[in-house]
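Peer 1: no sequence for this one, just the structure:
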């Protein structure tokens, strides 16, 4: 057994996502391609690449480079992804932020809770 | 601030997936819908539901129930998902296993390593 | 390279814990031995063993079986661990729950936020 | 309910560790304090701080600053932690690496597998 191979696997690492996102992306208005593209962005950001090129993303997906670019633009327009400029660099460096996605996810979670609570109150009153 | 809401969020939990799967599902011959469907299965299994109904899966996806069923059948036929019968139950209970997916993932990882090693050897010999 | 070894490693899996717990267990009144013991309990529960024997825990820790038992009892008394009886079994089966730990963690988090907010308000008023 | 509080919690994030490390640190010759200190280092590194000060670590642990420093030095001497110098900086910046810990973990895992296999072979031959 080759320890180097095992260690290489270990270094690949894992990505941890909120279960709620996986179970509720449809409620947020996302489809599977958009969901996976957002996971790819998260994965790049986690590894320190805050502004992956469309080609880097399309390498991992069943989409062409132009389709990736289009999909990202749509996600920015629809308020799931934010384009920001990293300030602490000499040259302004663009970067993606998924903060808007996670805020929408929180809104959705709180709405879900509130609906469940209303339903319970209504049931108790009957 | 409502502690119950925060605790409810915490209990939703997380799902942890190998980064390699996210970055190489295309090499395995999977598309984004299939990838997300497999994550849904993993998520159900993690929470103790080893045989979710197609309707439970389609509730979370932009797919109809029949499309989910069809996609699962295809994944079984193509050797990504296994149908097994849980033995330690009085009544035989069917369940899904993602072991074949993870074995394919390992094969792909080892193949990738081997290719990288061959490329290095070749480069050294030049 | 032996795929079976790699797959065996993969099946070992991971344990995911809230960063806040790791960075604030001291504020909760826990020491390192207690913290690790709680992680061991979480790990057993995640794998479906809700009532590990003290010997199973001491196998993994630098503690004797009696020390483990004592430490668990103390954690129960101090309200970090709850002993419950699983209802959906024919024979009542005891089990550990870490719900009280996570509730304390939430209280601590909210208290920390509130303190930070007060500090900001005070600063703004000066 | 205050969404900001929920989002603040979400941003705290999680730390994911190999189950094998949690269940076998004793076999590696580590005790609970050392185990938790290594998790703290991992947590700092994950968040981009590759060289936390002893005071930052002791803030989170039931150890004095000097005890933390001593413990880290011992872990370096015993080959669990490596001190390296980050090259891609103008001024050489020291940083901790846990690569040696994870290599030891892999060695331990492979040894455990080998022992299990030998035991099976022996059993089959009887």
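Peer 2: That came through, no problem. Just so it is clear, the structure is predicted and the values come from calculations on it, not from any experiment.

Peer 1: which residues of chain A score low on pLDDT?
Peer 2: A:1, A:87-92 (pLDDT under 70).

Peer 1: Please name the nearest non-neighbouring residue to the residue nearest the centre of chain A.
Peer 2: For chain A, the residue nearest the mean C-alpha position is residue A:38 (3.4 Å; C-alpha atoms, centre = their mean). Excluding its sequence neighbours, the residue lying closest to residue A:38 (C-beta to C-beta, 6 or more residues apart in numbering or on different chains) is residue A:101, at 6.1 Å. Every residue, glycine included, has its C-beta placed from N, CA and C.

Peer 1: That neighbour: neighbour count?
Peer 2: Counted with other C-beta atoms under 10 Å in any protein chain shown, residues neighbouring residue A:101 total 22.

Peer 1: what helix or strand is it on?
Peer 2: Using DSSP states H and E, residue A:101 maps to helix A:99-125.

Peer 1: Would you indicate which residues of that helix are buried?
Peer 2: A:101-106, A:108-110, A:113 (16 or more other C-beta atoms under 10 Å in any protein chain shown).

Peer 1: where do the helices sit along chain A?
Peer 2: With DSSP state H, the ranges of helices along chain A come out as A:3-12, A:19-24, A:32-46, A:54-58, A:65-77, A:99-125.

Peer 1: packing partners for the first one?
Peer 2: Read it as helix A:3-12. helix B:19-24, helix B:99-125, helix C:3-12, helix D:99-125 (3 or more C-beta pairs under 8 Å, 6 or more residues apart in numbering or on different chains; DSSP states H and E).

Peer 1: Give the buried residues for that helix.
Peer 2: A:5-6, A:8-10.

Peer 1: And for the third one?
Peer 2: Applying a neighbour-count criterion of 16+ other C-beta under 10 Å, one finds A:32-45 buried in helix A:32-46.

Peer 1: Residue numbers of chain A in contact with chain C?
Peer 2: A:1-2, A:5-6, A:9-10, A:14, A:16 (C-beta under 8 Å from any C-beta of the partner chain).

Peer 1: go with 10 Å
Peer 2: Contact residues (C-beta under 10 Å from any C-beta of the partner chain) of chain A with chain C: A:1-6, A:8-10, A:13-14, A:16.

Peer 1: Switch these over to JSON lines; also include distance to residue D:83.
Peer 2: Output for those, formatted as JSON lines (distance: C-beta to C-beta, whole Å):
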{"residue": "A:1", "distance to residue D:83": "30"}
{"residue": "A:2", "distance to residue D:83": "28"}
{"residue": "A:3", "distance to residue D:83": "23"}
{"residue": "A:4", "distance to residue D:83": "23"}
{"residue": "A:5", "distance to residue D:83": "27"}
{"residue": "A:6", "distance to residue D:83": "25"}
{"residue": "A:8", "distance to residue D:83": "23"}
{"residue": "A:9", "distance to residue D:83": "26"}
{"residue": "A:10", "distance to residue D:83": "21"}
{"residue": "A:13", "distance to residue D:83": "23"}
{"residue": "A:14", "distance to residue D:83": "26"}
{"residue": "A:16", "distance to residue D:83": "29"}
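
Peer 1: any idea which of these is the one closest to residue D:81?
Peer 2: Using C-beta to C-beta, residue A:10 comes nearest to residue D:81 of these, at 16.8 Å.

Peer 1: Let me see the contact set for the residue lying closest to the closest one once chain neighbours are set aside.
Peer 2: Leaving aside its sequence neighbours, residue A:10 sits nearest to residue D:102 (C-beta to C-beta, 6+ apart; 6.1 Å). Residue D:102 makes contact with A:6-7, A:10-11, D:18, D:21, D:42, D:80, according to C-beta atoms under 10 Å, 6 or more residues apart in numbering or on different chains.

Peer 1: now, which of those sits nearest chain B?
Peer 2: Ranked by distance to chain B (C-beta to the nearest C-beta), the contacts of residue D:102 are led by residue A:11 at 9.5 Å.

Peer 1: pretty sure the closest one is in contact with residue D:97, am I right?
Peer 2: No. Under the criterion of C-beta atoms under 10 Å, residue A:11 makes no contact with residue D:97, lying 11.9 Å away.

Peer 1: so how far is the first residue of stretch A:13-22 from its last?
Peer 2: 20 Å (C-alpha to C-alpha, to the nearest Å).

Peer 1: Spell out which parts of chain A neighbour chain D.
Peer 2: Checking chain A against chain D by C-beta under 10 Å from any C-beta, the hits are A:1-7, A:9-11, A:13-16, A:18, A:46, A:48, A:99, A:102-103, A:105-107, A:109-110, A:113-114.

Peer 1: how much space between the closest residue to residue A:60 other than its chain neighbours and residue C:103?
Peer 2: Excluding the flanking residues, the one nearest residue A:60 by C-beta to C-beta, 6+ apart is residue B:23, at 5.1 Å. To residue C:103, residue B:23 is 37 Å away according to C-beta to C-beta, to the nearest Å.

Peer 1: Residue A:65 too?
Peer 2: 48 Å.

Peer 1: returning to what we had before: now the helix holding residue A:101 against helix D:3-12, angle please.
Peer 2: Counting by axes from the mean of the first three to the mean of the last three C-alpha atoms, to 10 degrees, helix A:99-125 lies at 120 degrees to helix D:3-12.

Peer 1: Correct me if wrong: residue A:86 contacts residue A:45.
Peer 2: No. With contact defined as C-beta under 10 Å, residue A:86 does not reach residue A:45; the gap is 11.9 Å.

Peer 1: Sweet, I'm off.
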